[in-house]
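Visitor: Structure, please.
(2 chains)
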2 protein chains.
Amino acid sequence: MTTIHPVILCGGSGTRLWPRSRVAKPKPFLPLVGSRTLFEATLDRCADQARFAAPVVVTGAKHLDHVEAQGCAGMQVIVEPQGKNTAPAIALAAHRLPADAIMLVCPSDHHIADVTAFVAAAEAAAALAADDWMVSFGIEPKSPETGFGYIKRGDAIPGGFRIARFVEKPDLARAKGFLAEGGYFWNGGIFAFRAGAFLAELARHRPAMAQATERAVAGGSEDATRFHPAAEAFGALEGDSVDYAVMENTSRAAVVPVDMGWSDIGNWEALRDARPCDDAGNCVSGPAELVDCRKVMVDSDGPHVSVIGLEDVVVVVDGDNILVTTAAGAQKVGKLHGAANQ
Amino acid sequence: MTTIHPVILCGGSGTRLWPRSRVAKPKPFLPLVGSRTLFEATLDRCADQARFAAPVVVTGAKHLDHVEAQGCAGMQVIVEPQGKNTAPAIALAAHRLPADAIMLVCPSDHHIADVTAFVAAAEAAAALAADDWMVSFGIEPKSPETGFGYIKRGDAIPGGFRIARFVEKPDLARAKGFLAEGGYFWNGGIFAFRAGAFLAELARHRPAMAQATERAVAGGSEDATRFHPAAEAFGALEGDSVDYAVMENTSRAAVVPVDMGWSDIGNWEALRDARPCDDAGNCVSGPAELVDCRKVMVDSDGPHVSVIGLEDVVVVVDGDNILVTTAAGAQKVGKLHGAANQ
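Guide: Numbering: from 1, shown residues only, chains lettered A, B, ... in the order given. Reported below is the predicted structural model:
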C-alpha cells in the first residue's frame, strides 16, 4: 500500500458563516460539526499512520497560530507569504516532498461524514496518482447545486474514470440536467497527485508558476517545523486555481467517484444540513427552547434562544451579533454590513 | 363640563411580552410604543386639567416604586394589600372620592393612538355617568379577535347605547358573526361611573365586597400621597372583575362607542401592529439590519440583529434572552419555560 502524504490547504477568510466565522477566526478553526474543528477533523481523517504520512499544511501567517494550536504531531507547515490560490500552494508542497510522494490535497473547511468512504477513495485516487494520473475526487451530487463546479466522467479506467470535462458553476436548469443525465460529480477540491508528476504538468501548462514556486522553495528558510518560501519569488507569481492551471489542461485528468456525506459548509443552511438533527429536523447548540418548529437550527454562544412556530430558519448568536435567516436566505449572509465590515 | 377623576388600575404581571416584560418590571412600566411607558401615556391622556382632576392610581406594593418613579404631580396612590381583581380596586377608589365624583377607570397597560377620540369618549361617558349610568367604552372591533370580551349594544340613549348584553371571549366563527352583524364592541376595560352610584350598585350586587372595601378604607392609613387600605378587611374579601360584579348585573349598563386606535398590546404581534412601521411593514428598535423582510419587528436592548428573508416574525433581545417567534406564535410566549420560570 502506497503511503499517502496529506497536503492540507488552510486559507481563506469567508464571510458566509458570519457572525460565527470571522476574519480573525475563520471557518476551518471552528467546531462547526461535533466537538472537533473542521481543520482538526481534516487531520483526523488522515491520521492512520498505516496509510498516511504526517501532513503538510499550507497556510498564511495570519492563520499560523490557529494551525499550530490545533495541529498534530509531525505536521510540517508551509507559511505562504501571501495567498495565491490553490495551484501555487500545491506546488510549494510538491517541491518540498520527494518526487515519488503521493500527495492527497485536502481543503480544511469541509465536512465529511463517512470517513471510511473517504479513506477508500483516497486509496483508489492514490493508486491512480501513482500511475501519474491527475486525480480529482468526484462527489456524488445530492441536489442540483448551482454553487459548485461539476466534473463529467469519461471512459472508465481501473479504479475510476477519465474526466471528459469540467463544468463551471451551472444555472439551475443545467444542474438539474446533469443530475438527470448522470455521470456528473461535484468538484470538491480534493486531489491526488504524484508530486513529480504534478510539477511536470504545472511546468507544461504554467511554466512561470512552476519556476516561481521552485525558486520560492529554493530560497526559503526553515524555522522549526515551519517552512517559509522566499517572499519575493512567491509574491511575483500570478495566482491561479489548480483546476484552471492543471486539471483543465492535462490529458491525464481522472476522477474517483465517492459518496461520503460531503459538505463544503458553504453557508448556514449547509451547516444545518450537516449537523445531526432531531425528528423534527431541528438542531440546537447552546441553551434554547423550540416550540412548533421544523428544520430550525439554533447556535448560541451564551444567551438563551426561544423560537416559536418557525420552519427552515437559522438563528445564530455570537457575542454582540445575532443572525436570523431563512435557510434560503443564508447565501446572502456574506453581503450583510456586519459581515462585510468586520 | 364635569371634572373627570381618572382612576388608573396598575396591577398584573403578565408573561405575554416576555422577555422584555418581566415580573420585576411588567408591561405598564415599559416604553413599548414611543418613548413614554404605557403607564406614563395613560397619565398623559388624562393630563388636561381643564377636564381631568389629578389621578388616583390603584396598585400593589411590588409596583409602587415604578408608579412613583413614573407618576405625575398631584397623583394619589392606593396601595392594595393584595390583588383582588378590578371590582375591589375600583371600590377602593370610589370610597376615597366624593360621592358625586365622576370616575374614569383606565387600565394602564393599553395603547391608544388617538387621544382626541379618547378624550371625546371620556366626556360622553362622563355625561352618562353623571346620570348614574354604569358606562363602558365600546371599542370598535377591527378584526374577529377571540381574546376579548364583546359588548352588544341595545337601545340608543343620549350619548351612547344601553348594553344589550356582554359576551365572553367567543370562538372565531362567533366573533366573525359579531363583526358581520354589527353593533358589537370590544370590552376594553375602560369605565365611567359616578362614585356613589358605583358603590350603590356594588352594594346591591356584591354587598359583602362593598362592605369589606368600605371597612378597608375606613381602617386604612395615609402615608404622604399613599393610602394603605386595612389589610385584614381587604384580604378577607372575595375578588371579582367589575364586569361580573357590576356591569353584567346592573340595569343601567351603557356603552359609548369609540374608535381610538386602541390595543391591549396583549402579545408581541399586537405590539408590532401598534408600532409605526416602514413601507415593508417592518419596525425596528435597536441596532438591526433587515434584508428581504416584511412585517418583521426587531426589538433589541443592545446586540445587533441581522434578519434575512423572513415575514411576519418578531425578534426580541433582552439581556441574556432572545425570542424569535412568528406573529401567530406570539400568543404562546407566556407558556415558554423562560417566561414561566422567571
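
Visitor: now the closest residue to A:Gly14 other than its chain neighbours: how far from chain B?
Guide: Nearest non-adjacent residue to A:Gly14, counting by CB to CB, 6 or more residues apart in numbering or on different chains: A:Lys27, 5.7 Å away. Heads up, the C-betas are built off the backbone N, CA and C, glycines and all. Separation of A:Lys27 from chain B (CB to the nearest CB, to the nearest Å) stands at 18 Å.

Visitor: In contact with A:Lys27, which residues?
Guide: For A:Lys27, the contact set (CB atoms under 8 Å, 6 or more residues apart in numbering or on different chains) comprises A:12, A:14, A:17, A:21, A:38, A:109, A:265.

Visitor: Which of those residues sits closest to A:Ala87?
Guide: A:Gly12 (15.0 Å; CB to CB).

Visitor: For the closest one, which non-adjacent residue is closest in space?
Guide: A:Pro26 (6.3 Å).

Visitor: so the one you found touches A:Arg16, yeah?
Guide: No - when contacts are counted by CB atoms under 8 Å, A:Pro26 is not listed as touching A:Arg16 (10.4 Å).

Visitor: Looking at the two, which is more packed in?
Guide: Ranked by neighbour count (other CB atoms under 10 Å in any protein chain shown), A:Pro26 and A:Arg16 place A:Pro26 first, with 23 against 20.

Visitor: and the more buried one, what does it touch?
Guide: Per CB under 8 Å, 6+ apart, neighbours of A:Pro26: A:12-14, A:63, A:109.

Visitor: Please report which of those has the highest neighbour count.
Guide: Result: A:Asp109 is most packed of these (other CB under 10 Å), 26 neighbours.

Visitor: I'd like the distance between A:Leu32 and A:Val105.
Guide: Per CB to CB, to the nearest Å, A:Leu32 is found 21 Å from A:Val105.

Visitor: Check A:Leu179 too.
Guide: With CB to CB as the criterion, A:Leu179 and A:Val105 are 26 Å apart.

Visitor: Same drill for the two, tell me which one is more crowded.
Guide: A:Val105 (26 against 14).

Visitor: so how far is A:Pro303 from that one?
Guide: Distance, A:Val105 to A:Pro303, using CB to CB: 40 Å.

Visitor: Kindly report the same for A:Ala288.
Guide: Distance of A:Ala288 to A:Pro303, given as CB to CB: 9 Å.

Visitor: Which residue ranges of the stretch 151-300 of chain A form strands?
Guide: A:160-167, A:184-194, A:221-223, A:226-228, A:253-258, A:262-263, A:283-285, A:288-291, A:297-300 (DSSP state E, counting those that start in this stretch).

Visitor: For the stretch 201-342 of chain A, list the residues in contact with chain B, please.
Guide: A:289, A:291-292, A:300, A:302-310, A:313, A:315, A:317, A:319-326, A:328-330, A:332-333, A:335-338 (CB under 8 Å from any CB of the partner chain).

Visitor: do that again at 7 Å, thanks
Guide: Within the stretch 201-342 of chain A, the positions adjacent to chain B are A:289, A:291-292, A:303-310, A:315, A:317, A:320-326, A:328-329, A:332-333, A:336-338 by CB under 7 Å from any CB of the partner chain.

Visitor: Keep only those of those that are in strands.
Guide: Among these, DSSP state E puts A:289, A:291, A:304-308, A:315, A:317, A:321-326 in strands.

Visitor: Against B:Pro170, how distant is A:Ala61?
Guide: Distance of A:Ala61 to B:Pro170, given as CB to CB: 70 Å.

Visitor: hmm, I was thinking of A:Gly71
Guide: Taking CB to CB, one finds A:Gly71 at 68 Å from B:Pro170.

Visitor: which stretches of chain A have low pLDDT?
Guide: A:1, A:13, A:342 (pLDDT under 70).

Visitor: got the contact list for the residue nearest to the spatial centre of it?
Guide: For chain A, the residue nearest the mean C-alpha position is A:Pro107 (2.7 Å; CA atoms, centre = their mean). If you count contacts by CB atoms under 7 Å, 6 or more residues apart in numbering or on different chains, A:Pro107 has them with A:9, A:189.

Visitor: gap between it and B:Thr15?
Guide: On the measure of CB to CB, A:Pro107 and B:Thr15 end up 48 Å apart.

Visitor: Let me see the domain layout of chain A.
Guide: A:4-263, A:268-340 (automatic domain parsing).

Visitor: Which one of those domains lies nearest to B:Val256?
Guide: In terms of CB to CB, the element of these nearest to B:Val256 is domain A:268-340, at 37.3 Å.

Visitor: how far does that closest one sit from the chain's center?
Guide: Between the centre of domain A:268-340 and the centre of its chain there are 23 Å (CA atoms, centre = their mean, to the nearest Å).

Visitor: same question, stretch A:97-112
Guide: Stretch A:97-112 sits 10 Å away from the centroid of its parent chain (CA atoms, centre = their mean).

Visitor: Check stretch A:151-167 too.
Guide: For stretch A:151-167 - counting by CA atoms, centre = their mean - the centre lies 21 Å from the chain centre.

Visitor: Give me the buried positions along it.
Guide: Buried residues in stretch A:151-167, counted by 16 or more other CB atoms under 10 Å in any protein chain shown: A:151-153, A:159-161, A:163, A:166-167.

Visitor: Of these, which pair is most distant in space?
Guide: It's A:Gly159 and A:Val167 that sit farthest apart of the buried residues of stretch A:151-167, by CB to CB, at 22.8 Å.

Visitor: Is the residue of the stretch 51-200 of chain A found nearest chain B part of a helix or strand, or is it coil?
Guide: Per CB to the nearest CB, A:Gly147 is where the stretch 51-200 of chain A lies closest to chain B, at 16.9 Å. Under DSSP: H, G, I helix; E, B strand; the rest coil, A:Gly147 falls in the coil class.

Visitor: Just to check, it is in contact with A:Lys169?
Guide: Yes - if you go by CB atoms under 7 Å, A:Gly147 and A:Lys169 touch, sitting 6.2 Å apart.

Visitor: so what does the strand or helix carrying A:Leu43 touch, helix or strand wise?
Guide: Per DSSP states H and E, A:Leu43 falls inside helix A:38-45. Applying 3 or more CB pairs under 7 Å, 6 or more residues apart in numbering or on different chains; DSSP states H and E, we find helix A:38-45 packed against strand A:4-10.

Visitor: what sits up against the strand it packs on?
Guide: Residues outside strand A:4-10 that contact it (CB under 7 Å, 6+ apart): A:28, A:39, A:42-43, A:46, A:51-53, A:55-59, A:63, A:67, A:86, A:89-90, A:93, A:97, A:101-108, A:122, A:126.

Visitor: 8 Å instead?
Guide: So strand A:4-10 is in contact with A:28, A:39, A:42-43, A:46, A:51-53, A:55-59, A:63, A:67, A:86, A:89-90, A:93, A:97, A:101-108, A:122-123, A:126, A:192, A:195, going by CB under 8 Å, 6+ apart.

Visitor: Helices - which of those residues land there?
Guide: Using DSSP state H to define helices, the subset of the contacts of strand A:4-10 located there is A:39, A:42-43, A:67, A:86, A:89-90, A:93, A:122-123, A:126, A:195.

Visitor: Just name the closest of the residues you listed to B:Thr3, please.
Guide: A:Phe39 (76.2 Å).

Visitor: Can you name the residues that contact whatever residue of the stretch 1-150 of chain A ends up closest to chain B?
Guide: The stretch 1-150 of chain A approaches chain B most closely through A:Pro19 (7.9 Å), counting by CB to the nearest CB. With contact set as CB under 8 Å, 6+ apart, A:Pro19 has these partners: A:316, A:318-319, A:321-323, A:338-339, B:306.

Visitor: how close does A:Met247 sit to A:Gly266?
Guide: 20 Å.
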